[in-house]
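Asker: got a structure for you, letters missing:
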């Protein structure tokens with residue numbers, strides 16, 4: 001009877017034999033991941049660059065991690081191969097598969113379009129290994145920074161965009177901002193906008209504005225200073 005039970009339970013999820021089979025299967029899958037040679041490393045780099053917008057520094061970091069995970073192959077004499085990551089990344093940059101400038105431009109546009117400020121853009125580009133000069137080239141303009149601050153405030157219903165405010169027929173508010181938002185709430189809203197990377201003077205303008213039209217005019221002034229007329 002015991003022999004029958006043991007045989008019948010073999011391979012079942014809760015049995016000892018089932019757990020051993022899963023362990024053995026996992027070990028076999030791990031063993032199938034061969035150590036990397038230069039060709040395999042190149043294939044990994046091309047695949048990564050094709051799937052993700054990246055920078056040279058991010059690609060180098062990815063390849064270094066893969067080498068740590070899988071190890072380095074040996075040559076026919078049993079010597080560990082010397083994998084040249086910097087040269088491989090430089091070649092992909094030369095071929096246009098990796099472009100820090102394009103990455104920085106797209107990242108800056110994406111973050112400001114989501115309501116993040118210049119400081120968050122700078123932090124994101126720095127973390128991606130973008131050089132200082134390129135970061136400066138793609139820093140949000142004053143007008144873009146103002147638009148992003150207004151966008152975040154509108155999305156989060158901060159300050160002048162609060163749904164608690166009541167405007168009269170002229171678009172002016174019947175009560176001051178402090179009448180409808182407590183000091184504590186204002187502090188939380190200011191802190192949230194600062195965390196999103198906005199400048200304090202931008203945050204204060206939006207929090208202290210008496211009408212949405214004031215914010216729109218503030219943005220328009222910056223656009224005109226850049227030589228762009230929104231009309």
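Answerer: In hand now; what should we look at? Computed from a predicted model, the values in this text were never measured in an experiment.

Asker: Surely residue 219 is in contact with residue 150?
Answerer: Yes: using C-beta atoms under 8 Å, residue 219 makes contact with residue 150 at a distance of 6.3 Å. Where C-beta positions appear, they are placed from N, C-alpha and C, glycine not excepted.

Asker: Between those two, which is the more surrounded one?
Answerer: Neighbour comparison, residue 219 and residue 150: the larger count goes to residue 150, with 25 against 19 (by other C-beta atoms under 10 Å).

Asker: Within the helices and strands, which one has residue 92?
Answerer: helix 85-95 (DSSP states H and E).

Asker: Report all helices and strands that that helix contacts.
Answerer: On a contact count with 3 or more C-beta pairs under 8 Å, 6 or more residues apart in numbering; DSSP states H and E, helix 85-95 meets helix 38-51, helix 56-70.

Asker: Please point out which parts of the following helix or strand past it sit buried.
Answerer: For helix 85-95, the succeeding helix or strand toward the C-terminus, using DSSP H and E, is helix 100-113. For helix 100-113, the neighbour count (16 or more other C-beta atoms under 10 Å) marks 100, 103, 104, 107, 108, 111, 112 as buried.

Asker: Turn those residues into CSV, columns for pLDDT and distance to residue 163.
Answerer: What follows is the buried residues of helix 100-113, written out as CSV (pLDDT from 0 to 100; distance: C-beta to C-beta, whole Å):
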residue, pLDDT, distance to residue 163
100, 98, 42
103, 98, 37
104, 98, 36
107, 98, 32
108, 98, 30
111, 98, 26
112, 98, 24
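
Asker: Distance to residue 191 added to those residues, as JSON lines?
Answerer: Putting the buried residues of helix 100-113 into JSON lines (distance: C-beta to C-beta, whole Å) gives the following:
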{"residue": "100", "distance to residue 191": "32"}
{"residue": "103", "distance to residue 191": "30"}
{"residue": "104", "distance to residue 191": "28"}
{"residue": "107", "distance to residue 191": "24"}
{"residue": "108", "distance to residue 191": "24"}
{"residue": "111", "distance to residue 191": "19"}
{"residue": "112", "distance to residue 191": "20"}
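
Asker: which residues of this structure score low on pLDDT?
Answerer: 1-32, 164-181, 228-231 (pLDDT under 70).
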